[in-house]
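Participant: I'll drop the sequence and a predicted model, then ask my questions.
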Amino acid sequence: MRPSLNIVAYTPFHDLLVSNCVLVWPTDPIIYLVWMGMVESYVVRDQNNENYKKVYVQWWVLMRMGANNDEELYHNCWLSKWKCNHADPKQSVKISYVVFSFLTRSNIIV
């Protein structure tokens with residue numbers, strides 16, 4: 001269950017581009033507040049398509065040596081290195097779950 005927010009989540013189609021990084025609300029925000037992934041497809045705009053208003057996302061994970069638990073792993077995560085998590089398959093994600101979309105940074109290993 002997501003925490004209740006007094007805002008309406010709205011992500012315009014044109015703000016989600018292929019190869020953009022996205023932060024996505026997880027199903028259990030108690031464990032992690034957001035997941036990070038990279039957009040692998042354009043937003044489906046065809047209303048007759050079952051994936052309408054969805055994008056394919058490839059999930060990414062942190063690379064940190066010596067982290068013994070998730071708290072240590074995710075501490076200052078924006079300063080850490082990230083890499084593509086090929087173990088998890090790409091998923092179709094509703095654009096309403098996307099919290100933030102941004103261009104890749106130098107600490108992303110493509």
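Facilitator: Structure's in. What do you need?
Participant: residue with max distance from the center of the protein?
Facilitator: residue 48 (25.1 Å; Cα atoms, centre = their mean).
Participant: For residue 83, grab the count of nearby residues.
Facilitator: Residue 83: 12 surrounding residues under other Cβ atoms under 10 Å. In this view, the C-beta of every residue, glycine as well, is placed from N, C-alpha and C.
Participant: doesn't residue 58 make contact with it?
Facilitator: No. Counting by Cβ atoms under 8 Å, residue 83 does not reach residue 58; the two are 11.0 Å apart.
Participant: rewinding a little: tell me if the residue farthest from the centre of the chain really is in a helix.
Facilitator: No. Counting by DSSP: H, G, I helix; E, B strand; the rest coil, residue 48 is not part of a helix but coil.
Participant: which residues in this structure form helices?
Facilitator: Counting by DSSP state H, the chain has helices at residues 70-74.
Participant: residue ranges for the strands of it, please.
Facilitator: Secondary structure of the chain (DSSP state E): strands at 21-24, 35-39, 54-63, 81-84, 91-94, 98-102, 108-109.
Participant: hey, which of those strands is tucked in deepest?
Facilitator: With neighbours defined as mean count of other Cβ atoms under 10 Å, these peak in mean count at strand 35-39, which reaches a mean of 21.
Participant: quick one, that one and strand 54-63 angle?
Facilitator: Using axes from the mean of the first three to the mean of the last three Cα atoms, to 10 degrees, the direction of strand 35-39 lies 120 degrees away from that of strand 54-63.
Participant: Report the distance from strand 35-39 to the chain centre.
Facilitator: Centre-to-centre, strand 35-39 and its host chain are 3 Å apart (Cα atoms, centre = their mean, to the nearest Å).
Participant: got it, and stretch 47-63?
Facilitator: Centre to centre, stretch against its chain (Cα atoms, centre = their mean), the figure for stretch 47-63 is 9 Å.
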